[in-house]
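Sequence plus the predicted model coming up.
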Amino acid sequence: MTTHRGMSRRNFLKASGLGAAGLTLANYLPALAQSDLQATINYWHHFTSETEFKGMERVMAMFAEKYPGISVVQENIPNADFMAKFTSGVLAGERADTTMISVSRLADMVAMDGLVPITEQVNNWDLKQYFPDNRWEGITVDGEIYGVPAFTFVDWAYYRTDWFEEAGLEPPTTLDEFLDAAIKLTDPAKGRYGFGMRAGGGGQDFIVYMIEAFGSPILNESGEPAIDRDIAIEAVKWYADLYTVHKVVPESAPNDSYRQIMEGFKTGQTAMVWHHTGSLTEIAAALEPGTQFMSTVRPTGPVNNLTRLSYLYNGLMKEDNAEAAWDWVSFWGELDPTIAFLEETGYFPASSQVAEDERITGNELYAAAVEALAIGGQPPNFVGYSGWSTNIVLPEFQKILVGEATVEEAVDNMIAGLADSME
Amino acid sequence: MSFPESTISDPIPTRRFSLNPFTFLGQISEGRYWAYYLIIPSLLLVALVILYPVISGIGLSFQEMRLTRPAKNGFIGLQHYQDLLTDQIFRTAVLNTLEWVVVGVVSQFLVGLITALALNKGGIVMKAAGVIVLLPWILPSVVAGNIWALMLDSRLGVINDLFVKIGLLDQYKAWFADPNTALPATMLISLWRGFPFFTLLLLAGLQAIDDDLYEASAVDGANRWSQFWHITLPLLRPVIVATVVLRVIGLVNSPDLLLLLTNGGPGYATQVLSLYAFQKAYSDFDFGYSGAISVVMFLILMVFTVIYVRVSRVAQE
Amino acid sequence: MSQRNANRFWSTLAYLVILGVVVFSVGPILWTIITSLKPEQDIVTSELQYLPRNITLDNYVAIWNRSGYPRLIGNSTIVTVITLVICMLVGTLAAYGFSRYQFRGRTQLLLVYLVIRMFPVVLMIVPLWIMMRGFGLLNTHFGLALAYTTFLLPICIWMMKGFFDAIPPELEDAARIDGCTRLSALFRVVMPLARGGLVATAVFIGIAAWNEYLFALMFTNSQNSQTWPVGLALMVGEFQLPWGALSAGGVISVIPVIILFGIVQQSLVRGLTAGAVKG
């Protein structure tokens, strides 16, 4: 702890020495005598599972030790209702001091003026260097930084090692190999399917990534809708065919959300599923790592890959307790809390400093994540993305699966819906 | 007719208002404005708590109010309503809402009424059954919805397993993934959760009916069927009207089960107005459009209620 | 003889109906209980277990330790009681007024209450939030209870009006001739007769307040006034749906209501016996 306090002092000296714009000495003095800073700040988050909660509680305990004068009031909001509460809070003027920011929501949050930029604090932060630039790019809107990275969900895939071995297959690296493996591993008589497709809640991202993987952007450089209709049709058709033509996906796919694909995988219904590092603990509790399942990088599309890195950030919703709030959100990026959180949850750290820790590099299960980390792109992040993908892309795709629309009709509706939402 | 003695010995009427609050209120009750005094507290409460949200909600529907595109916000008149006319999802949602409500309220009412009639027989078995029957409705909706999702699950579902065992199905069915079964499946769950409402209130209504009426008609030779039509139903009518109206409103307004089970899918097979309004507001952040959907819902309900209440003439009596 | 046969027929039919309805009602509840006693790997499994092979109480322990059950239940109880008091007191009086007195605008006013109930909750959240913040009622039990009255008071008024309508006004007239004030006629004649309806309405409102989720989520935070349904919803994680613990939560949340119901049932019975004087 003393090292941290010393570090902050140096930080203070550096900041005041440089005369950082807008930060007067008086503003920074309380930070020097940290125990003197008295404040109560609240924190909106969507941690829910037991492991996540344990992780957060450890981080809070460590924070209380370092900043005895600041008490953090955690306010827990179910993920599905998070934006409803956030939006209502912004509209009603009842904001939290700090909030968790998942990157796909950033653009909307900023557009509704729900977040406070913390560019200056970040630039004066001595730990900033440990986070590669793309971490910061992900949380930057119009040149302003809105959060500090806390941890990452690295996209990957799980596959049944025993089934693959039995069939003499290697984990697929391209979509062709993927389809081939999926077909070979499907055996409806045994109730086995090659792939657990998530086409219910939360499945929208896969459709969008697939369009990108086949080579069409969603927006162009200047932020206008730019979906290439032919490519999109090709991509969506390839993905939907898994269900409608090749039938390598369980019949339940149009309603399968996270829970269902995981249960399908755990109960031996499916050979492959796509998710991210966040679910490792849960899978490992049901199946034996190595002998029954393993993680691998998702197959690559014809043009781009399907791997995205979703960083979770913490940011400020208002400026009333800006100092204490900054202490809290930046604490999540420090070494010890990150490791503590990793130990409890298995969630991948955002800081490269931690990612090089042997607890990561020495863990075979994480090999795929390390590899994915190198190639993974950013998920789409523009105003209206989550609404468009959830309320247009996903239901249109479901219509193809259940035979209520052709691929062309669905893609046309997706394109029209994007134009509408960008208007 | 017998009353406690004290009633009769109460010293009334008194000219001067008493200091005893109960006597005082008793005196007030004799005044001209008694009916108003009864109603004013509720009116004040309603005006204080509900009026502003309702008016502001209606106001929203005439405005462009997109939180994430604040530049365009402002008054736009009937634009949203015009857009609704060509909105395919909206049209689907209206039809689904109708089905959801009509099938929902009819099935729940019938099951609720039949159950209440049976429970009205009395006796210890029926008393116990009366409590058991209410359980579905006591269970918090997040548990109820998820337990049904588990029972109907295409991998872990006990209902699927039973159906396969008795030969109704060849293999487990994914009820929520098929547009033909998704809405019926959610309506079954809605029936399960909703019928106890009717049972509870209709049973209370049944128990208030004087047994003498049945006895008298039995002497006149009426059978059960005609007793039901000529005594039970007419006397239950005020309760029936109120419960049906309230349940219709409840069904139109509560997207929680659908939000949990299907979120409108697959495609738009289970999309209803309340869900659509919710999505527009809290995932598209388009509060103006959401407001217009809400107002349409509101108007449909209002027209229905006014006609229904007039036809059943319950408010006039 | 034929009368006895008919009676037996109707009686048998009634029991058959109840048997069917009880099975339908209890099935899912039973499954909730069974699920709550299973360890997770026996729930998420390819071979369904009707009777738990390994019975465990871990789910109950987990939910008790994790969710702050006593505090959440305490909050829910307080909010429910306040809601009940406001609705039953204000609503019953109004319902009686509507049921018994003719005055200008009565029908319209009665419809206004319903109309208000019709307004979609989606759009009420933000304005209510703004108002509650203005009055300093956010994160308070009273504020949440007040928000509940927005949709429960109209229900109370309409239900109670229905029950009052079913009581012949002649009874009060007779009492008034005997020297009762209107108020004492209400409390000494009408209320005992309407007791069954009163209890049924109260039960309905109580359960609605007890189970409400959206307002509770919006208007409270986790520390002070969060209610049980919100606590339960938080169990359903983003990357976890702990079936066992969720079921245990369901079972736990039904228990206090059943206890309450036991108490209420007694008064329901008493209400009915009191009603017998009406002859």
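Thanks, I have it.

can you pull out the helices in the stretch 1-150 of chain B?
Secondary structure of the stretch 1-150 of chain B by DSSP state H, counting those that start in this stretch: the helices cover B:5-9, B:21-29, B:34-46, B:52-60, B:79-85, B:88-119, B:124-138, B:141-151.

And the stretch 151-279 of chain C, by the same measure?
Residue ranges of the helices in the stretch 151-279 of chain C, as given by DSSP H, counting those that start in this stretch, are C:170-177, C:182-185, C:191-193, C:195-211, C:214-219, C:228-233, C:243-275.

Any idea which residue is closest to the centre of the chain?
This is for chain A. In chain A, the centroid-proximal residue (C-alpha atoms, centre = their mean) is A:S310; its distance is 2.8 Å.

my bad, the chain I had in mind was chain C
With distances taken as C-alpha atoms, centre = their mean, C:I207 lies nearest the centre of chain C, 2.0 Å away.

low-confidence ranges in the stretch 1-150 of chain B?
Under the criterion pLDDT under 70, the flagged ranges of the stretch 1-150 of chain B are B:1-19, B:21-22.

Secondary structure element holding B:S217?
helix B:211-219 (DSSP states H and E).

Same question for A:V72.
Assigned by DSSP H and E, A:V72 falls within strand A:70-76.

what mean pLDDT would you report for that strand?
For strand A:70-76, mean pLDDT rounds to 88.

just to revisit the earlier point, please identify the deepest-packed of the helices of the stretch 1-150 of chain B.
helix B:141-151 (a mean of 24; mean count of other C-beta atoms under 10 Å in any protein chain shown). Using the backbone N, CA and C atoms, a C-beta is placed for each residue, glycine as well.

Show residues contacting that one.
With C-beta atoms under 8 Å, 6 or more residues apart in numbering or on different chains as the test, helix B:141-151 has contacts from B:136, B:139, B:156-159, B:176, B:189, B:192-193, B:256-257, B:260-261, C:28, C:31-32, C:35, C:43, C:211, C:213, C:229, C:232-233, C:236, C:241, C:243, C:246-247, C:249-250, C:253.

where exactly do the helices run in the stretch 251-400 of chain A?
Here the stretch 251-400 of chain A has its helices, by DSSP H, counting those that start in this stretch, at A:258-266, A:280-286, A:322-331, A:335-345, A:352-355, A:358-361, A:367-375, A:385-388, A:394-401.

A strand includes A:W156, no?
Yes. Secondary structure of A:W156 (DSSP: H, G, I helix; E, B strand; the rest coil): part of a strand.

Tell me who's in contact with it.
Residues counted as contacts of A:W156 (C-beta under 8 Å, 6+ apart) are A:274-277, A:295-298, A:307, A:368-369, A:372.

Can you add distance to B:G123 and give those back as a markdown table?
Below are those laid out as a markdown table (distance: C-beta to C-beta, whole Å):
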| residue | distance to B:G123 |
| --- | --- |
| A:W274 | 58 |
| A:H275 | 55 |
| A:H276 | 59 |
| A:T277 | 60 |
| A:S295 | 62 |
| A:T296 | 65 |
| A:V297 | 68 |
| A:R298 | 64 |
| A:T307 | 67 |
| A:A368 | 66 |
| A:A369 | 65 |
| A:A372 | 67 |
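
Out of these, which is nearest to chain C?
A:H275 (8.3 Å; C-beta to the nearest C-beta).

residues in contact with that closest one?
Counting by C-beta under 8 Å, 6+ apart, A:H275 touches A:155-158, A:258, A:261-262.

Now with 7 Å, please.
When contacts are counted by C-beta atoms under 7 Å, 6 or more residues apart in numbering or on different chains, A:H275 is found next to A:Y158.

Same check on C:F151?
Applying C-beta under 7 Å, 6+ apart, we find C:F151 in contact with C:R117.

Tell me where the model's unsure across chain A.
Using pLDDT under 70, chain A drops low at A:1-36, A:353-355.

how about the residues of it that lie near chain C?
With the criterion set to C-beta under 7 Å from any C-beta of the partner chain, chain A comes near chain C through A:46, A:48-50, A:73-76, A:78-79, A:81, A:85, A:88, A:91-94, A:258-259, A:263, A:266-268, A:278-279, A:282, A:286.

Any of those buried? List them.
A:46, A:48-50, A:74-76, A:78-79, A:81, A:85, A:88, A:91-92, A:94, A:258-259, A:263, A:266-268, A:278-279, A:282, A:286 (16 or more other C-beta atoms under 10 Å in any protein chain shown).

Of those residues, which are in range of chain B?
A:263, A:267.

Contacts only, for the residue nearest to the spatial centre of chain B.
Closest to where the C-alpha atoms of chain B average out (C-alpha atoms, centre = their mean) is B:R247, at 1.9 Å. Contacts for B:R247 (C-beta under 7 Å, 6+ apart) come out as B:105, B:108, B:194, B:197.

out of the residues you listed, who's nearest A:L242?
For these, the minimum distance to A:L242 (C-beta to C-beta) is 38.3 Å, reached by B:G194.

doesn't B:F109 make contact with the closest one?
No. Taking contacts as C-beta atoms under 7 Å, B:G194 lies outside contact range of B:F109: 9.1 Å.

Kindly report the residues of chain A close to chain B.
Listed as neighbours of chain B in chain A under the rule C-beta under 7 Å from any C-beta: A:83-84, A:87, A:108, A:111-112, A:200-201, A:250-255, A:263-264, A:267, A:269, A:383-384, A:386-387, A:390-391, A:395, A:398-399, A:401-402, A:404.

Among those residues, which lie within strands?
Taking DSSP state E, every one of the residues of chain A next to chain B sits outside strands.

which of these are buried?
By neighbour count, with 16+ other C-beta under 10 Å, these hold A:83-84, A:87, A:108, A:111-112, A:200-201, A:250-255, A:263-264, A:267, A:269, A:383-384, A:386-387, A:390-391, A:395, A:398-399, A:401-402, A:404 as buried.

before we move on, back to that, if we look at chain C, which of the contacts of B:R247 are close to it?
Among the contacts of B:R247, the residues that sit close to chain C (C-beta under 7 Å from any C-beta) are B:F197.

Please identify which of the contacts of B:R247 is nearest to A:Q378.
Set against A:Q378, the nearest of the contacts of B:R247 by C-beta to C-beta is B:G194 (45.5 Å).

follow-up on the earlier one: I'd like to know which of the helices of the stretch 151-279 of chain C is closest to C:L128.
C:L128 sits nearest to helix C:214-219 of all these, at 7.5 Å, using C-beta to C-beta.

ok now that closest one, how far from the chain's centre?
18 Å (C-alpha atoms, centre = their mean, to the nearest Å).

Stretch B:208-216 too?
Taking C-alpha atoms, centre = their mean, one finds the center of stretch B:208-216 at 29 Å from the center of the full chain.

same deal with stretch A:225-233?
Its chain's C-alpha centre and that of stretch A:225-233 lie 25 Å apart, by C-alpha atoms, centre = their mean.
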